[in-house]
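Participant: please find the sequence and the predicted model below.
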Amino acid sequence: MERVRQHRFDLQAFLPLSRGEAAEQGIEEFDIVLVSGDAYVDHPLFCTALIGRVLQDRGFSVGIIAQPDWRSNDDFMKLGAPRLFFGVTSGNADSMVNAYTARRMRRRKDVYSPGGIPLRPDRATIVYAERIHAMYPEIPVVIGGIEASLRRFAQYDYWEDRVRQSILADAPADLLVFGMGERQVVEIASRLEKGADIPDMQDIPGLAWKMSISTWRNLHREKDWLEIPDYRAVAADPKSYARAFALHYQEQDPVRGRTVVQVHPKTVIVQNRPAKPLFTAELDHIYELPYTRNAHPSYRPPVPALESVQFSVVSHRGCFGGCSFCSLTHHQGRIIQSRSMESLVREVKSFTRRDDFKGVVQDVGGPTANMYLATCPRWETGGACHDRACSVSCPSLELSLQNQITLLRRLRSIPGVKQVFIGSGIRHDLVCADPSPYLEEICRHHVSGHLKVAPEHVTDAVTACMNKPGYKIFEEFRNRFADAVSRSGKKLYLLPYFMSGHPGCTIEDMVFLAEYMRDHHLYPEQVQDFTPTPMTASTTMYYTGLNPFTMEPVHVPKEREKRVQRALLHFRDRRNYHLVREGVLAVNRPDLIGREWKCLIPERPEREKAETEKSVRNKEAESLREKF
């Protein structure tokens with residue numbers, strides 16, 4: 001990604017939120033205006049700042065409209081019309097996932113907003129795009145970010161309990177950027193700068209775009225494109241939905257992926273193959289751009305999401321784990337893209353020159369911290385294998401946890417750095433497959449009280465549906481962790497993430513998990529009730545009742561059963577007594593109710609028991625008064 005133009009503005013300042021700030025930087029007209037549902041935090045972990053800084057680095061002037069009031073035109077007018085295009089994103093999270101719980105209840109807080117006050121609309125990408133298009137119909141609108149990326153095909157929407165069209169069919173947008181987006185937005189801006197039109201963008205990898213139905217009818221026999229079941233088919237037939245997911249899932253590879261087409265009632269959605277991953281030097285460059293790592297000074301209350309990541313560094317992108325409930329395959333991909341150690345050292349050294357840095361690096365990682373510098377000789381020329389998952393059992397995968405240890409040692413030796421933590425979690429099966437003293441090293445130096453791992457469940461049938469390592473591997477890891485803690489001489493605890501309500505999980509499975517937690521004195525605070533989010537295999541199972549890769553039936557817990565399953569994870573919470581009782585009786589386990597050590601709940605709820613005891617005492621007192 002070469003620089004397109006020479007810089008004309010102050011790179012050390014925040015990207016402008018107003019015309020006044022633009023004037024201070026000598027900007028009379030913006031090339032690009034980014035509209036986001038998040039507050040503007042100038043940090044590389046916030047997508048609007050990252051894309052804005054990358055475009056600025058290529059010589060384009062960029063303004064930001066953060067969390068506009070969508071009920072009027074005023075906020076959308078304050079920066080004027082951009083010369084090239086509007087970029088629209090819901091922010092770091094899908095607006096529906098961000099706004100609602102797994103029980104479809106609206107959340108009271110938004111961590112990406114000042115003071116945690118919710119300020120974004122539902123389906124923010126569509127709402128913003130509609131407002132902009134109505135006001136500036138001649139200016140191209142490019143949508144991107146996690147919400148647009150994961151809704152690029154027809155997708156099951158949990159909050160409406162139906163299949164919605166591609167977001168590109170619903171929003172008045174010209175192009176959709178999927179994936180991480182740096183290559184695509186720079187290429188779009190560069191071509192528009194040279195006078196190209198939107199139809200001239202249709203060959204850019206990492207883009208989805210619209211074609212008229214009449215054009216598709218004339219072209220579809222001439223193109224080596226993959227056509228998946230159309231919107232009407234997937235909306236009406238679960239089997240068609242499952243087939244469509246499996247087909248486009250296999251094409252999410254930047255090397256071997258084909259163009260994928262899905263016909264909608266009024267348009268045709270075309271997804272090009274994904275963009276190629278960034279090279280190490282490119283990753284180094286974009287993460288070392290001059291981010292202030294602060295929220296914009298116009299905000300008085302803090303932005304909660306910044307606090308835990310302000311002094312975190314991204315060591316790599318991508319994840320080959322392929323968890324069924326995770327959308328990373330469709331967004332960052334399976335190919336690991338790592339930064340150089342030298343770049344990471346420079347970034348952490350820059351922290352030590354700041355007055356607000358207290359010596360603690362909060363996280364060094366990526367989607368999975370211990371995949372740093374993992375490589376495969378096939379990735380560059382053949383892409384990730386289409387017929388098998390990357391795993392420690394594959395002889396082609398080159399993975400040494402010693403690379404991460406070397407990096408962490410270098411970072412903690414920097415003057416001014418007191419602690420370097422791993423906050424993003426590790427993949428426990430990779431640890432079990434590595435003979436090095438990796439676990440003892442991170443326990444001694446890089447764990448702050450709790451080590452996060454995500455077994456998600458402990459019954460093999462459920463972990464198979466989740467595409468997670470099984471029970472025996474987690475047990476091996478748990479034992480190795482106990483040994484490592486013993487040798488380290490520190491008081492550390494394992495913080496496992498468990499999930500309830502996932503497709504394939506029964507109440508019997510959840511009772512087994514509750515007993516496992518009882519026996520091993522685990523009562524994790526981090527418990528997740530499965531939420532069907534767009535474009536995951538698990539969501540496909542939830543909607544269709546089928547495993548999309550085998551087309552075999554899958555048990556799907558819903559409504560009442562989901563509530564019972566979640567309650568079983570929190571069986572010690574008195575508020576869950578009746579749901580837990582319902583669950584254990586449903587699987588014929590009355591032995592788990594009572595006073596014995598193995599019981600999950602007492603014979604009666606504590607409140608009822610207390611009221612009964614109080615009633616007995618009152619009767620005894622009344623009897624005594626009558627006697628005397």
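Facilitator: Received the coordinates, thanks.
Participant: test my guess that R581 contacts L592.
Facilitator: No. Look at R581 against L592 with Cβ atoms under 8 Å: they stay out of range, at 9.1 Å. Bear in mind the C-beta positions are built from the backbone N, C-alpha and C, glycine included.
Participant: what sits in contact with each of those two?
Facilitator: Here R581 and L592 have I601 as joint contacts, going by Cβ atoms under 8 Å, 6 or more residues apart in numbering.
Participant: the strands in the stretch 351-500 of the chain, which residues?
Facilitator: According to DSSP state E, counting those that start in this stretch, the stretch 351-500 of the chain carries its strands in the segments 360-361, 363-365, 419-420, 450-456, 493-500.
Participant: and these as CSV, adding mean pLDDT, mean neighbour count and distance to T259?
Facilitator: Shown next, in CSV, are the strands of the stretch 351-500 of the chain (pLDDT from 0 to 100; neighbours: other Cβ atoms under 10 Å; distance: least, Cβ to Cβ, whole Å):
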stretch, mean pLDDT, mean neighbour count, distance to T259
strand 360-361, 96, 19, 42
strand 363-365, 93, 23, 33
strand 419-420, 96, 19, 43
strand 450-456, 88, 21, 34
strand 493-500, 90, 20, 35
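Participant: out of these, the one nearest R164 is which?
Facilitator: Closest approach to R164 among the strands of the stretch 351-500 of the chain (Cβ to Cβ): strand 493-500, 24.6 Å.
Participant: what strands flank that closest one, and is each parallel or antiparallel?
Facilitator: strand 450-456 (parallel), strand 527-529 (parallel) (DSSP bridges).
Participant: any chance of these in CSV, plus distance to E193?
Facilitator: Below are these laid out as CSV (distance: least, Cβ to Cβ, whole Å):
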stretch, distance to E193
strand 450-456, 44
strand 527-529, 44
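Participant: which among those is found nearest to R108?
Facilitator: The closest of the strands paired with strand 493-500 to R108 is strand 527-529. By Cβ to Cβ, the value is 17.4 Å.
Participant: contacts for whichever helix or strand comes after the closest one, please.
Facilitator: Downstream of strand 527-529, the next assigned helix or strand under DSSP states H and E is helix 537-544. Helix 537-544 has contacts (Cβ under 8 Å, 6+ apart) with 155-156, 158, 163, 238-239, 241-242, 245, 249, 324-325, 465-467, 502-504, 530, 532-533, 546-549, 554, 556.
Participant: re the thing from before, select, out of the strands of the stretch 351-500 of the chain, the one closest to V309.
Facilitator: Among those, strand 363-365 sits nearest to V309 (Cβ to Cβ), with 6.8 Å.
Participant: who does the closest one touch, helix- and strand-wise?
Facilitator: When contacts are defined as 3 or more Cβ pairs under 8 Å, 6 or more residues apart in numbering; DSSP states H and E, strand 363-365 sits against strand 312-314, helix 402-412.
Participant: what strands flank that strand, and is each parallel or antiparallel?
Facilitator: Going by DSSP bridges, the partners of strand 363-365 are strand 312-314 (parallel).
Participant: hmm, who's touching the strand it pairs with?
Facilitator: By Cβ under 8 Å, 6+ apart, strand 312-314 touches 44-45, 287, 339, 344, 347-348, 361-366, 423.
Participant: which helix or strand lies directly C-terminal to it?
Facilitator: Assignment by DSSP H and E places the next element after strand 312-314 at strand 316-317.
Participant: can you list the residues that contact that following strand?
Facilitator: Contacts with strand 316-317, where a contact means Cβ under 8 Å, 6+ apart, come from 180, 277-278, 283, 332, 336-339, 365-367, 371-373.
Participant: isn't S166 up against Q262?
Facilitator: Yes. Counting by Cβ under 8 Å, Q262 is a contact partner of S166 at 6.8 Å.
Participant: which one of these two has more residues nearby?
Facilitator: More crowded of S166 and Q262, by other Cβ atoms under 10 Å: Q262, with 27 against 23.
Participant: what about the more buried one, which SS state?
Facilitator: strand (DSSP: H, G, I helix; E, B strand; the rest coil).
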